[in-house]
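# Just a sequence and a predicted model for now, questions to come.
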Amino acid sequence: MLVTTEQTLSLPLIDISPFLAPDDAPDVQLARQATAELVDKACREVGFFYLVGHGLTQEEMTEIRTVAHEFFKQTPEEKEEIHITKNDFARGYQRLGQNITQEAQDWHEAIDLYAPAPKSLLQKGIKTLCGSNPIPRHPERFSTVVNSYVQTMTRLGAAMMRAIGLGLGVGETFFEPYMQEGFWVMRMIGYPPLPSSSTGLSCGEHTDYGCLTLLNADSTPNALQVLSNGKWISPTPLPNAFIINIGDMIQVWTNGIYKSTLHRVIHSSTNVYRISVPFFYEPAFDARVRPIDKCVQESGVERLPDVVYGEHLLGKVTGNFDVGEQRM
Ligand SMILES: O=C(O)CCC(=O)C(=O)O
Ligand SMILES: [Fe+2]
């Protein structure tokens with residue numbers, strides 16, 4: 001496949017506000033249908049789009065990135081206090097180079113946070129993912145800002161899933177039972193520029209594991225790249241818009257009609273420390289995802305195998321970090 005890079009603004013732009021409006025708002029059903037059709041088209045064609053009308057102010061979008069930046073500005077020793085090896089090998093801080101994608105080191109540092117430990121893992125006595133989210137000493141407002149952001153993003157994720165259900169023709173509430181006790185994930189990522197001698201990537205190419213990724217990235221251009229029709233495109237960050245993409249679980253539910261699109265980050269502009277905060281809105285840990293009959297018929301291809309979300313996630317998480325000999 002020929003792969004080239006070009007800069008473009010060409011992701012679709014979707015206004016989700018009708019799905020956040022009350023059911024009795026004037027003309028809301030018509031507006032929801034129109035939005036759902038745009039979501040359907042974007043998920044079939046690129047699997048990525050800009051999201052506006054989400055109800056967050058510019059300040060709310062910036063504040064979570066500022067909190068992340070304040071944390072990353074601390075000394076290595078301060079950051080190590082919440083390292084993943086001091087927790088459940090999933091929640092907490094990872095140093096530059098400790099994230100691994102496709103067996104190569106990523107050039108970023110990060111904090112990973114998750115929904116409360118899944119009951120099924122606790123019952124089996126498994127430790128991975130069964131800790132509590134870390135609370136760094138600095139910045140002091142970390143937990144307050146994060147908790148409020150998680151609540152807002154969970155509401156937004158639920159609205160997006162209603163739009164996807166309507167767009168697919170299975171009804172706004174189709175996904176609700178799977179999303180109760182959703183095992184959300186949130187990453188706060190700091191990207192120093194790639195060293196000029198580096199042949200590596202800031203974040204290697206991958207698809208996301210679950211349902212929806214709601215990416216809140218700063219204004220650094222030419223960092224995120226999305227594979228669209230065999231070309232890497234670099235969607236320009238728009239102020240006050242999220243970049244949304246669908247993950248592997250939606251690809252399974254739709255029997256491949258909606259694509260979990262490959263993407264990567266190459267951040268090489270000097271003097272800019274890039275911050276991004278992806279929020280992954282996910283099904284319950286034990287949700288069994290099975291291709292929807294309607295989608296199987298429409299796709300005209302064999303039914304994809306069922307996937308239990310938590311098993312898919314665990315398979316990924318355990319290979320994601322290079323923490324030397326330390327293992328649980
Ligand atoms: O930082 C970004 O722009 C994207 C990060 C990403 O793809 C991920 O964390 O899954
Ligand atoms: Fe991703």
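Arrived safely, thanks for sending. Ligands and ions are numbered 1, 2, ... in the order given.
# tally of neighbours for residue 306?
Residue 306 sits with 10 neighbouring residues when counted by other CB atoms under 10 Å. The C-beta positions use only the backbone N, C-alpha and C, and glycine is treated the same way.
# who are the neighbours in contact with it?
With contacts defined as CB atoms under 8 Å, 6 or more residues apart in numbering, residue 306 is in contact with 252, 288-291.
# Secondary structure, pLDDT and distance to residue 55 added to these, as a markdown table?
A markdown table is the format used below for those (DSSP: H, G, I helix; E, B strand; the rest coil; pLDDT from 0 to 100; distance: CB to CB, whole Å):
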| residue | secondary structure | pLDDT | distance to residue 55 |
| --- | --- | --- | --- |
| 252 | helix | 98 | 29 |
| 288 | strand | 98 | 32 |
| 289 | strand | 98 | 28 |
| 290 | coil | 98 | 32 |
| 291 | coil | 98 | 32 |
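# and which of the residues you listed is nearest to ligand 1?
When the contacts of residue 306 are compared for distance to ligand 1 (CB to the nearest ligand atom), residue 252 wins out at 17.9 Å.
# Contacts only, for the closest one.
With contact set as CB under 8 Å, 6+ apart, residue 252 has these partners: 289-291, 304, 306-307.
# of the contacts of residue 306, buried ones?
Buried residues within the contacts of residue 306, defined by neighbour count using 16 or more other CB atoms under 10 Å: 252, 289, 291.
# which bits of the stretch 101-250 of the chain sit near ligand 1?
If contacts are counted using CB under 6 Å from any ligand atom, the residues of the stretch 101-250 of the chain sitting beside ligand 1 are 187, 189, 203, 208, 215, 217, 224.
# I'd assumed the fifth one was in a helix, is it?
No. The secondary structure assignment for residue 215 gives strand rather than a helix, going by DSSP: H, G, I helix; E, B strand; the rest coil.
# Could you tell me how many residues sit around residue 138?
14.
# ok, now the one 10 residues further on?
If you count neighbours by other CB under 10 Å, residue 148 ends up with 14.
# circling back to that earlier point, overlap between the contacts of residue 252 and the residues near ligand 1?
Restricting those to contacts with ligand 1 (CB under 6 Å from any ligand atom) yields no residues.
# Including distance to residue 112, could these go into CSV?
Below are these laid out as CSV (distance: CB to CB, whole Å):
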residue, distance to residue 112
289, 22
290, 28
291, 29
304, 28
306, 27
307, 21
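# between those residues, which is closest to residue 84?
Of all the contacts of residue 252, the one sitting nearest residue 84 is residue 307; the distance, using CB to CB, is 24.9 Å.
# ok, the closest one - contacts?
Residue 307 neighbours (CB under 8 Å, 6+ apart): 248-249, 252, 288-289.
# again, only this time at 6 Å
By CB atoms under 6 Å, 6 or more residues apart in numbering, residue 307 lies in contact with 252, 289.
# So, low pLDDT: which residues of this structure?
When residues are selected by pLDDT under 70, those of the chain lie in 1-9, 323-328.
# need the longest helix for the protein.
The helix spanning the most residues in the chain, taking DSSP state H as the definition, is helix 142-168.
# so how far is it from its chain's centroid?
11 Å (CA atoms, centre = their mean, to the nearest Å).
# for that helix, packing partners?
Helix 142-168 makes packing contacts with helix 28-45, helix 58-72, strand 212-217 when contacts are defined by 3 or more CB pairs under 6 Å, 6 or more residues apart in numbering; DSSP states H and E.
# most packed of those?
Between these, the one whose residues have the most neighbours on average, counting mean count of other CB atoms under 10 Å, is strand 212-217 (a mean of 24).
# That strand - which strands sit beside it in the sheet, and in what orientation?
strand 242-246 (antiparallel), strand 274-281 (antiparallel) (DSSP bridges).
# what comes up buried for the next helix or strand after it?
On the C-terminal side of strand 212-217, the closest following helix or strand by DSSP states H and E is strand 224-228. If you call a residue buried by 16+ other CB under 10 Å, then strand 224-228 has these buried ones: 224-228.
# okay, the angle between strand 224-228 and strand 242-246?
Using axes from the mean of the first three to the mean of the last three CA atoms, to 10 degrees, one finds that strand 224-228 and strand 242-246 are set 40 degrees apart in direction.
# what distance separates strand 224-228 from the middle of the whole chain?
Using CA atoms, centre = their mean, we find the averaged C-alpha position of strand 224-228 to lie 15 Å away from the chain's own average C-alpha position.
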